[in-house]
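> Sequence below, structure please.
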Amino acid sequence: MDDLDKKILRELQLDSRNSFTKMARKIGVSTATVSDRVRKLTERGIICGYTAILNTSELGMVTLITKIKIRPGYGIEEVGKEIAKLDESCCVHHVTGDFDLLVISKCSGHEKCGIVIEKEKKIEGVESVDAELVLKTMKEELKVSL
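Sure thing, here's the model as predicted:
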């Protein structure tokens, strides 16, 4: 990935709804160049998709963070994939420390959080689930510095 790819990715992170023509003008290259680079970045799996970013707090949703310990003899990746299948799961991370997985879920209320915790506990290979609710979010975004 070169500097031009990084410029394109920065522009896409700012507003992926911008046309390739508008991005090309801003970066100083042709529309065809932007289009070709975006296609290649997508094929390489660097660009995974485009989506609207929602303010889940304004939608009345609760952020649930669960730390999950996996039973000995079970694969962390396999259990993580099962947890990722839950509709409420937004992020599933294999982490260092006392737990194996850190899961961030978005739930439509506190009662739903309890249901999600119970779903996670029932997944084969899960030894324990430690849960925390987010009281207030000061920053939440997926933009990265390139």
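> Show me the beta-bridge partners of the most centrally placed residue in the chain.
Central residue check for the chain by CA atoms, centre = their mean: the C-alpha nearest the mean position is that of Cys91, 4.8 Å away. Judged by DSSP bridges, the bridge partners of Cys91 are Ile104.
> quick one: it and Leu101 touch, right?
No - using CB atoms under 8 Å, Cys91 is not in contact with Leu101, being 10.1 Å away. (Glycine included, C-beta is placed from N, CA and C.)
> can you list the domain ranges for this structure.
3-43, 62-133 (automatic domain parsing).
> gap between the last one and the chain center?
In terms of CA atoms, centre = their mean, to the nearest Å, the centre of domain 62-133 is found 14 Å from the chain centre.
> any idea where the helices of this protein begin and end?
3-14, 20-27, 31-43, 76-84, 110-122 (DSSP state H).
> what about those, which gets the closest to Ser145?
helix 3-14 (8.9 Å; CB to CB).
> Please list all residues in contact with Gln137.
One correction, residue 137 is Thr, not Gln. Going by CB atoms under 8 Å, 6 or more residues apart in numbering, Thr137 touches Ser57, Thr63.
> how far away is it from Asn55?
9 Å (CB to CB, to the nearest Å).
> and what of Glu43?
The spacing between Glu43 and Asn55, counted by CB to CB, is 32 Å.
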